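Peer 1: need a 3D model of the following:
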Amino acid sequence: MLNNLPFFPPQASTSAAQVDALYFYLIGISGLMSLLIAGLLIGFAVRYRRRSRASRAGAVDGSMKLELIWTIIPFFVAMSIFVWGAGVFFHLSRPPDDAMNILVVGKRWMWKLQHLNGRREINELHVPLGRAVRLTMTSEDVIHSFYVPAFRVKADVLPGRYTSLWFEPTRPGRYHLFCAEYCGTRHSGMVGWVVVMQPEEFQTWLGGDARDVAPARAGERLFTNLGCATCHNPGSGARGPSLQGVFGSTIALKGGARASADESYLRESILDPQAKLVDGYEALMPTFRGLVGEEGLMQIIEYLKTLEPAAAQPGGTPQS
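Peer 2: Got it, this is the predicted structure:
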């Protein structure tokens with residue numbers, strides 16, 4: 001229905017209908033409450049105006065029935081909003097495990113995007129129809145906001161940390177991409193397009209430029225060039241912890257704390273290695289802040305994701 005309304009963006013993702021339904025539910029409740037309050041206000045103003053002959057005797061000091069009505073009904077209305085909204089929120093916050101990952105870096109005033117095979121784009125994102133897509137995003141400068149109205153998804157893109165959003169397109173076509181956070185004098189020009197293609201057409205497009213290097217491959221080069229392998233090798237006696245299978249694992253820290261090795265943890269460990277020291281290792285690693293940009297950090301993390309856990313020998317000792 002909403003696809004036929006010219007003042008509404010089309011519903012072009014699996015999440016769009018859920019978001020719209022909750023939105024109209026809120027609008028409906030707000031409208032009914034507004035009409036009820038306005039009606040009572042006007043009705044009382046007319047009935048009990050100064051020259052009205054309406055009886056004002058027998059004032060009621062309190063009514064348990066009335067108190068219960070205007071407490072219980074709003075409570076259940078509020079709880080319905082909470083439960084419905086929480087369901088939509090959790091759906092939008094949990095991408096499927098098989099979602100296709102794309103790296104996004106916001107920069108005044110453009111969107112830089114890279115697919116995991118290396119294909120790069122600026123202010124345009126090509127995605128396949130019917131495939132869940134997860135965006136891992138960060139900013140090089142100020143706060144931006146990645147917003148695709150037709151998909152009903154929006155998330156802040158922050159400097160110094162990673163955020164993500166996901167969507168699954170349901171209609172082929174070109175859809176507006178905006179920055180929804182004022183980021184400077186040319187904020188209004190930070191726009192682009194999301195192009196939804198048939199899967200076969202997308203695969204042809206994805207393999208169309210052999211010059212691009214996959215992020216994981218570029219990250220491996222950075223890892224080697226920066227000398228990271230000198231300390232982080234899987235052999236015994238290494239000065240730094242082994243990074244084999246580190247992504248997604250639980251890290252034991254000095255002091256007894258534990259941390260999950262996700263993208264944010266790995267990024268912090270590269271830029272501020274003393275923040276969370278791994279148990280059993282000294283604070284020897286220097287910071288790489290200023291030496292590696294946001295794209296380079298994403299590439300190194302993608303490389304670390306490819307490192308499988310070291311296979312264990314019969315005695316339980318990892319193979320180097």
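Peer 1: return the set of buried residues in stretch 141-151.
Peer 2: For stretch 141-151, the neighbour count (16 or more other C-beta atoms under 10 Å) marks 142, 144-151 as buried. In short, each C-beta sits where N, CA and C put it, glycine included.
Peer 1: just stretch 287-301 next, same as before
Peer 2: 288, 292, 294-301.
Peer 1: still on that earlier bit, which ones among the buried residues of stretch 141-151 map onto strands?
Peer 2: 144-148 (DSSP state E).
Peer 1: what about the closest residue to L135 other than its chain neighbours, distance to S145?
Peer 2: Leaving aside its sequence neighbours, L135 sits nearest to V104 (C-beta to C-beta, 6 or more residues apart in numbering; 5.0 Å). Separation of V104 from S145 (C-beta to C-beta, to the nearest Å): 12 Å.
Peer 1: common neighbours of those two, please.
Peer 2: Listed as contacting both V104 and S145 by C-beta atoms under 8 Å, 6 or more residues apart in numbering are V157.
Peer 1: residue ranges of the strands in the stretch 201-320 of the chain, please?
Peer 2: Taking DSSP state E, counting those that start in this stretch as the test, the strands found in the stretch 201-320 of the chain are 250-252, 258-260.
Peer 1: end-to-end on stretch 238-249?
Peer 2: One end of stretch 238-249 to the other measures 19 Å (C-alpha to C-alpha, to the nearest Å).
Peer 1: do I have it right that A155 meets Y162?
Peer 2: No. Contact criterion C-beta atoms under 8 Å: A155 and Y162 do not qualify, at 10.7 Å.
Peer 1: just the buried residues of the least confident helix or strand in the chain by mean pLDDT, please?
Peer 2: Every helix and strand of the chain was ranked by mean pLDDT, DSSP states H and E. The lowest is helix 228-231, at a mean of 86. By 16+ other C-beta under 10 Å, the buried positions in helix 228-231 come out as C228.
Peer 1: quick one: it to chain centroid distance?
Peer 2: Chain-centre distance of helix 228-231: 32 Å, with C-alpha atoms, centre = their mean, to the nearest Å.
Peer 1: residues touching that helix, excluding its own?
Peer 2: The contact list for helix 228-231 (C-beta under 8 Å, 6+ apart) reads 223, 238-240, 284-285, 300.
Peer 1: and the gap between the residue nearest to L206 when sequence neighbours are not counted and Q203?
Peer 2: Once flanking residues are discounted, L206 sits nearest to R119: 5.7 Å by C-beta to C-beta, 6+ apart. To Q203, R119 is 11 Å away according to C-beta to C-beta.
Peer 1: and Q203, what does it touch?
Peer 2: Applying C-beta under 8 Å, 6+ apart, the residues contacting Q203 are P128.
Peer 1: now the helix ranked longest in the chain and strand 144-148, what's the angle there?
Peer 2: Longest helix in the chain by number of residues (criterion: DSSP state H): helix 16-47. For helix 16-47 against strand 144-148, the angle by axes from the mean of the first three to the mean of the last three C-alpha atoms, to 10 degrees is 100 degrees.
Peer 1: identify each buried residue in helix 16-47, please.
Peer 2: Residues of helix 16-47 classed as buried: 16, 18-20, 22 (neighbour count, 16+ other C-beta under 10 Å).
Peer 1: okay if I get those residues as TSV plus distance to V133 and pLDDT?
Peer 2: Formatted as TSV, the buried residues of helix 16-47 follow (distance: C-beta to C-beta, whole Å; pLDDT from 0 to 100):
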residue	distance to V133	pLDDT
A16	14	95
Q18	17	95
V19	17	95
D20	20	94
L22	22	96
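Peer 1: of these, closest to R217?
Peer 2: A16 (35.6 Å; C-beta to C-beta).
Peer 1: spit out the contact partners of the closest one.
Peer 2: Under the criterion of C-beta under 8 Å, 6+ apart, the neighbours of A16 are 10, 150-152, 170.
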